[in-house]
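Chemist: sequence-free structure coming up:
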């Protein structure tokens with residue numbers, strides 16, 4: 001675990017080694033930098049879910065500042081790896097093209113309750129803790145390794161924050177099946193437009209966004225291809241254990257262990273499928289180029 005309260009000045013930027021930048025991982029980090037930086041909408045939404053609690057509003061604002069710092073750190077690293085990357089223009093294009101409807105339309109939590117909202121946040125933090133831990137372990141580039149370690153530590157603390165808030169709510173405890181449904185629903189939203197559109201914006205020249213066609217399924221597939229190969233069983237075990245705890249199950253019980261094994265099998269199959277699809281797309285592109 002890294003320390004809380006780190007800043008961009010704590011990163012050893014001078015250790016950056018361009019020879020150890022993985023081109024595929026760079027594409028995923030570009031998208032992640034945009035999603036992380038887009039925390040202000042989530043802060044506003046959470047404040048609307050808890051409208052009469054100024055102390056919680058302060059907590060959410062601090063959480064948002066830390067999330068935005070993740071985006072700034074990743075974006076600065078991307079700029080070292082790809083000096084042509086325009087973070088500000090990319091983020092502006094993303095904001096213009098993506099706004100989750102519930103940020104503007106919801107009256108309270110879209111999960112149906114405050115407890116449900118906090119369980120959903122735990123699911124997100126479980127995934128990001130695991131993801132940045134996997135990134136830290138996979139990359140050989142020392143600056144990205146340090147950044148990923150800091151972010152993974154923050155995300156673990158954020159999971160504990162939302163877990164404790166969920167436990168302290170005065171609302172009646174949700175039935176287990178309902179908590180499970182909320183967690184499964186939030187887990188499935190990993191393939192929604194947010195990451196896909198961020199990937200599109202981050203990996204399309206800024207002046208071509210909106211001109212080059214946006215294919216959500218293709219962007220999801222491309223992002224997954226670059227992310228799923230980072231994961232190892234230990235990273236998935238951590239995420240599933242944290243989700244299990246959030247819904248009231250034993251994090252290392254047989255249900256969580258079985259779920260982790262099943263999902264790991266699915267991850268491997270999905271990764272193979274994404275690799276085959278990308279290879280076919282590349283081959284099709286080569287054929288078209290030759291025909292032209």
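Modeler: Everything's here; your move. Here the structure is a predicted model, which means the values were calculated and not measured.
Chemist: okay, now the spatially closest residue to residue 60 that is not a sequence neighbour: neighbour count?
Modeler: Once flanking residues are discounted, residue 60 sits nearest to residue 46: 4.7 Å by CB to CB, 6 or more residues apart in numbering. In short, each C-beta sits where N, CA and C put it, glycine included. When neighbours are counted by other CB atoms under 10 Å, residue 46 registers 22.
Chemist: one more: residue 96?
Modeler: Neighbours around residue 96, by other CB under 10 Å: 11.
Chemist: kindly provide the distance from it to residue 176.
Modeler: Going from residue 96 to residue 176 by CB to CB, to the nearest Å gives 41 Å.
Chemist: likewise residue 154?
Modeler: To residue 176, residue 154 is 29 Å away according to CB to CB.
Chemist: what of residue 185?
Modeler: 15 Å.
Chemist: residue 154 and residue 176: who's more crowded?
Modeler: residue 154 (25 against 11).
Chemist: I figured the more buried one hits residue 65, correct?
Modeler: No: between residue 154 and residue 65 there is no contact under CB atoms under 8 Å: 10.8 Å.
Chemist: what about the protein, any weak spots by pLDDT?
Modeler: Segments of the chain classed as low confidence (criterion: pLDDT under 70) are 1-3, 101-107, 188, 190-191, 251, 254-275, 277-292.
Chemist: try 50 this time
Modeler: Within the chain, the ranges that satisfy pLDDT under 50 run 1.
Chemist: please, where are all the strands along it?
Modeler: For the chain, no strands are identified by DSSP state E.
Chemist: now the residue nearest in space to the middle of it. Nearest residue, chain neighbours left out?
Modeler: For the chain, the residue nearest the mean C-alpha position is residue 128 (5.2 Å; CA atoms, centre = their mean). Distances taken as CB to CB, 6+ apart place residue 155 nearest to residue 128, at 4.4 Å, with adjacent residues excluded.
Chemist: what's the answer for residue 174, then?
Modeler: residue 115 is the one closest to residue 174 (CB to CB, 6+ apart), at 5.3 Å.
Chemist: got the contact list for the one you found?
Modeler: Neighbour list for residue 115: 166, 169, 171, 173-174, 179 [criterion: CB atoms under 8 Å, 6 or more residues apart in numbering].
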